[in-house]
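J.: Build me a structure from this.
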Amino acid sequence: MDSLESKEKKFTEIIEKIIMYFLYILFAGIAILIAWSGSFRESLIIVPIAAITIPLTKWSIKWQNERYIRSAKNLDDIETLFKKMKELKERLEKLERK
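T.: Okay, here's the model as predicted:
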């Protein structure tokens, strides 16, 4: 049985790859269009935007994914504690019957 943490980790990695590939394709497409037009003046605008956007997006996605994974781990821990409490409650009830 997979834990919620491992499921969340797999899901967030897939989403991160999709978003980053989209950004790479987007900026590569814009660069190709600029090169195809023959006017490289626009690259003075798009290169700094890409240089800031791609790393910032990658960092923010990783930061958010870590929060999701920590939250899923906490839920797994709460579930484990709940099971232990249930076991203790059953043991107490059993002892009280004696």
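
J.: What segments of this protein are helices?
T.: Listed from the start of the chain, the chain has helices (DSSP state H) covering 4-37, 43-97.

J.: Nearest residue to the spatially most central residue of the chain in space, please, no chain neighbours.
T.: Ranked by distance to the mean C-alpha position of the chain (Cα atoms, centre = their mean), the top residue is Asn65 at 2.8 Å. Nearest-residue entry for Asn65: Thr12, 3.9 Å, with adjacent residues in sequence omitted and distances by Cβ to Cβ, 6 or more residues apart in numbering. (C-beta placed from N, C-alpha, C; glycine too.)

J.: what residues are up against Ser71?
T.: Ser71 sits next to Glu8 when contact means Cβ atoms under 8 Å, 6 or more residues apart in numbering.

J.: Quickly note the distance from it to Leu88.
T.: With distances taken as Cβ to Cβ, to the nearest Å, Ser71 is found 26 Å from Leu88.

J.: still on that earlier bit, how much space between the residue nearest to Asn65 and Tyr21?
T.: Computed with Cβ to Cβ, the distance linking Thr12 and Tyr21 is 15 Å.

J.: neighbour count winner among these two?
T.: Here Thr12 and Tyr21 are compared on neighbour count by other Cβ atoms under 10 Å; more neighbours surround Thr12, at 19 against 10.

J.: thinking again about what came up before, now do the residue nearest to Asn65, the pLDDT please.
T.: With respect to pLDDT, Thr12 has a value of 92.
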